[in-house]
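Chemist: build me a model:
(one chain, ligands or ions: 2)
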Amino acid sequence: MSSLRSIFESITADVDGVLLFSPSQDQYEEVTADGDDPPIVVGPSNEVDAATFVELPLDFSDPTERIRFGLEGAIATDLLAGDAVVVCVMGMFTAAPDTIVRVRADEFSRSGVYDLFANSRADPSVIRDVFEVAVELGRKGQKGKPVGALFVVGDAGTVMNKSRPLSYNPFEKSHVHVGDPIVNVMLKEFSRLDGAFVISDSGKIVSAYRYLEPAAEGVDIPKGLGARHMAAGAITRDTGSIAVVLSESDGMVRAFKAGELVLELDPEAY
Ligand SMILES: Nc1ncnc2c1ncn2[C@@H]1O[C@H](COP(=O)(O)OP(=O)(O)OP(=O)(O)O)[C@@H](O)[C@H]1O
Ligand SMILES: [Mn+2]
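Modeler: Ligands and ions are numbered 1, 2, ... in the order given. Next up is the predicted model:
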């Protein structure tokens with residue numbers, strides 16, 4: 001193994017910081033014991049009480065997305081410089097650390113995924129709940145058939161002004177919120193029909209069946225995506241909302257903010 005040592009050493013040499021993904025208490029204590037700069041802990045919660053911590057709102061199964069989120073979060077909160085060289089330590093196959101990745105923050109393309117959760121009008125937990133519904137719907141479909149869905153989250157008043165009803169609104173007089181298990185069943189049921197769900201900053205479901213009519217100038221979504229994705233991108237440019245889209249045709253869940261695609265998840269892999 002000694003022949004590999006120089007490779008291992010070159011991976012960890014001269015770094016500006018360490019991102020430690022979801023460490024156990026023991027691991028965290030071990031790495032902080034030597035008095036070096038403490039690592040930046042990235043995980044769903046700060047179980048080890050780290051002073052420098054980035055919260056993961058989703059359980060990104062794709063390690064690239066996990067690293068991207070951690071890096072974007074650390075840079076946005078001034079824990080790292082935009083051109084920092086970091087070593088990421090994570091468990092890719094199990095919870096225990098099995099993977100070490102060296103990255104230069106400025107060579108790693110930023111998607112805006114951290115900003116999507118941290119700096120949108122809607123609550124991060126609301127955005128997370130919407131993702132969960134879209135992913136579950138993507139996994140199971142509607143009675144086994146693939147189904148598409150469009151969720152517009154935040155700045156609901158403006159979104160309502162830039163859309164029109166396609167059908168009666170089943171949420172008209174209700175006060176229900178995403179994340180509530182009953183609501184998830186309702187959202188899945190109503191996603192069989194056309195149009196978008198409109199959800200408020202705090203997660204209240206304002207309407208189903210909205211046809212979005214935003215201005216579409218300057219919206220630059222990837223080629224091959226159709227009207228649903230175009231409408232999703234455009235409404236987030238024209239209002240303070242973000243959009244989460246489940247594609248009926250390729251099964252992917254995508255998020256848009258300020259007219260741009262910021263995240264793409266495969267529900268099967270998530
Ligand atoms: N402006 C809009 N507002 C709300 N819903 C829309 C709008 N445009 C399209 N949709 C919905 O998207 C559905 C699919 O349209 P289309 O196939 O063109 O979109 P797409 O982006 O290719 O999505 P998918 O990947 O799910 O096929 C439509 O049947 C309709 O329900
Ligand atoms: Mn289509």
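
Chemist: can you pull the buried residues of stretch 150-170?
Modeler: 150-156, 158-160, 162-163, 169-170 (16 or more other C-beta atoms under 10 Å). The way it works is simple: take the backbone N, C-alpha and C, and place the C-beta from them, glycine included.

Chemist: can you show me the helices along the chain?
Modeler: All helices of the chain, identified by DSSP state H, fall at 2-12, 25-32, 63-76, 113-118, 124-140, 156-161, 181-190, 227-238.

Chemist: what domains does the record give for the protein?
Modeler: The record's domain parsing of the chain by automatic domain parsing lists 2-114, 120-265.

Chemist: wait, doesn't Ser207 sit right on Phe171?
Modeler: Yes. With contact defined as C-beta atoms under 8 Å, Ser207 counts as touching Phe171 (5.7 Å).

Chemist: just the domains of the chain: most buried one?
Modeler: Between these, the one whose residues have the most neighbours on average, counting mean count of other C-beta atoms under 10 Å, is domain 120-265 (a mean of 19).

Chemist: excluding its backbone neighbours, what's nearest Asp59?
Modeler: Nearest residue to Asp59, sequence neighbours excluded (C-beta to C-beta, 6 or more residues apart in numbering): Pro44, at 6.8 Å.

Chemist: and the one you found, how far from Leu58?
Modeler: As for Pro44, its distance to Leu58 is 9 Å (criterion: C-beta to C-beta, to the nearest Å).

Chemist: quick revisit: for the helices of the chain, give me JSON lines that also has distance to Tyr211 and mean pLDDT.
Modeler: Shown next, in JSON lines, are these (distance: least, C-beta to C-beta, whole Å; pLDDT from 0 to 100):
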{"stretch": "helix 2-12", "distance to Tyr211": "52", "mean pLDDT": "89"}
{"stretch": "helix 25-32", "distance to Tyr211": "50", "mean pLDDT": "91"}
{"stretch": "helix 63-76", "distance to Tyr211": "32", "mean pLDDT": "94"}
{"stretch": "helix 113-118", "distance to Tyr211": "24", "mean pLDDT": "94"}
{"stretch": "helix 124-140", "distance to Tyr211": "19", "mean pLDDT": "92"}
{"stretch": "helix 156-161", "distance to Tyr211": "12", "mean pLDDT": "98"}
{"stretch": "helix 181-190", "distance to Tyr211": "14", "mean pLDDT": "83"}
{"stretch": "helix 227-238", "distance to Tyr211": "8", "mean pLDDT": "96"}
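
Chemist: what residues does the chain put near ligand 2?
Modeler: By C-beta under 5 Å from the ion, the part of the chain that sits against ligand 2 consists of Gly226, Ser249.

Chemist: how about the chain: which residue is closest to ligand 2?
Modeler: For the chain, the nearest residue to ligand 2 under the criterion C-beta to the ion is Gly226, separated by 3.8 Å.

Chemist: for the residue nearest to that residue when sequence neighbours are not counted, give me its contacts.
Modeler: Spatial nearest neighbour of Gly226, excluding adjacent residues (C-beta to C-beta, 6+ apart): Ser249 at 7.6 Å. If a contact means C-beta atoms under 8 Å, 6 or more residues apart in numbering, then Ser249 has Pro146, Gly148, Gly226 as its contacts.
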